[in-house]
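> How does the following fold in three dimensions:
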Amino acid sequence: MRYVDLHTHSTRSDGTLTPTELVHYAVEKGLSAIALTDHDTIDGIDEALDAAKELPIEVIPGIEYSTEYRNRDVHIVGLFIDHKSPAFQSYLAKFMQSRTDRNHKLCANLQGAGINITYEALLSRFPDSVITRAHYAAYLLESGYVKSRKEAFDRYLGDHTPYFVHREKITPEEVITVTRQAGGIPVLAHPTLYKLGKEQLDLLVSTLKEQGLMGIECLYSTYTPQEERHMNALAKAYDLLPSGGSDFHGDAKPGLDLGIGYGKLQIPESILDTLRKAK
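Numbers count the residues shown, from 1 in each chain. Predicted coordinates:
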């Protein structure tokens, strides 16, 4: 049996391998396919597709959107997106401008705290990347303002610090619609991470299904056997396609490896076959 990984990140967001390096590493790991699902960007997809041309691996064009549902971050993975679609690219450009505006505000807040930081400096330090709070944490650590990434989030970057800037509210429904219009399959990513109770998670899945959700991650690096059974039950109850991925970020998530997560993850190629048929 061959295996796949349908949730991965590269240096184009907050991973530590370039799209090309990610593809080559996937081949080393013996995977038959990966989906590149960088946060809020498709900038690495063409590079990954080019890298895979002469290799025994398939690259699925994807993205991971950050959205808000009832004051919680909820992530939607889009798979099989036509990333060349003019309508999709137009939407993503507006989405990215919102993120850029937020980054300028966060930098200004941190400057007010006595930190020598600018958005331009972050772009220079992390070229070709979508700047996330993980990049801020790395910058603060390298510049000596904190002694660990945890301290960076606890003091400066966390949701409850005085410097945090809320993103413009992007709803799951919005990105589900955009993904389907671009020929893609919207998948609810790692539902257990939202720390919702059973009833509230059921309500979330039910609501998103009505809005056009097509899949749910039934296999993920941190799931316990009980959580995996729960996700499969939700998929069956709401007629959602099962998906799965490691959420690989390279060195940014120590101990979490491509394809196998923390060592026990296996996503059979049949999962991808079912998604492809649905597309």
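
> for the protein, what spans make up the strands?
Assigned by DSSP state E, the strands in the chain fall at 4-8, 33-36, 58-69, 72-79, 185-188, 215-220, 241-245.

> Which strands border the fifth one, and is each parallel or antiparallel?
Read that as strand 185-188. Applying DSSP bridges, strand 185-188 is found paired with strand 72-79 (antiparallel), strand 215-220 (parallel).

> Confidence-wise, which of those is weakest overall?
Here the lowest mean pLDDT among the strands paired with strand 185-188 goes to strand 72-79, at a mean of 94.

> Identify the residue nearest residue 56 in space, chain neighbours excluded?
Leaving aside its sequence neighbours, residue 56 sits nearest to residue 27 (C-beta to C-beta, 6 or more residues apart in numbering; 6.7 Å). Quick note: C-beta positions are derived from backbone N, CA and C, even for glycine.

> how near is the nearest residue to residue 42 once chain neighbours are set aside to residue 247?
Nearest residue to residue 42 in three dimensions, chain neighbours excluded: residue 83, at 4.3 Å (C-beta to C-beta, 6+ apart). Distance, residue 83 to residue 247, by C-beta to C-beta, to the nearest Å: 20 Å.

> if we can go back for a sec, kindly present the strands of the chain as CSV, with separate columns for mean neighbour count and distance to residue 175.
Converted to CSV, the strands of the chain look like this (neighbours: other C-beta atoms under 10 Å; distance: least, C-beta to C-beta, whole Å):
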stretch, mean neighbour count, distance to residue 175
strand 4-8, 28, 16
strand 33-36, 28, 16
strand 58-69, 22, 4
strand 72-79, 22, 5
strand 185-188, 27, 7
strand 215-220, 24, 13
strand 241-245, 25, 16
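
> Nearest approach to residue 117 belongs to which of those?
With C-beta to C-beta as the criterion, residue 117 lies closest to strand 58-69 of the strands of the chain, at 21.5 Å.

> Now do the closest one: which elements does it pack against?
With contacts defined as 3 or more C-beta pairs under 8 Å, 6 or more residues apart in numbering; DSSP states H and E, strand 58-69 has these neighbours: strand 4-8, strand 33-36, helix 45-52, strand 72-79, helix 172-181.

> rerun at 7 Å
When contacts are defined as 3 or more C-beta pairs under 7 Å, 6 or more residues apart in numbering; DSSP states H and E, strand 58-69 packs onto strand 33-36, helix 45-52, strand 72-79, helix 172-181.

> mind listing the helices for the stretch 101-250 of the chain?
Remark: helices assigned in the stretch 101-250 of the chain by DSSP state H, counting those that start in this stretch are 119-125, 133-142, 149-152, 172-181, 198-210, 225-237.
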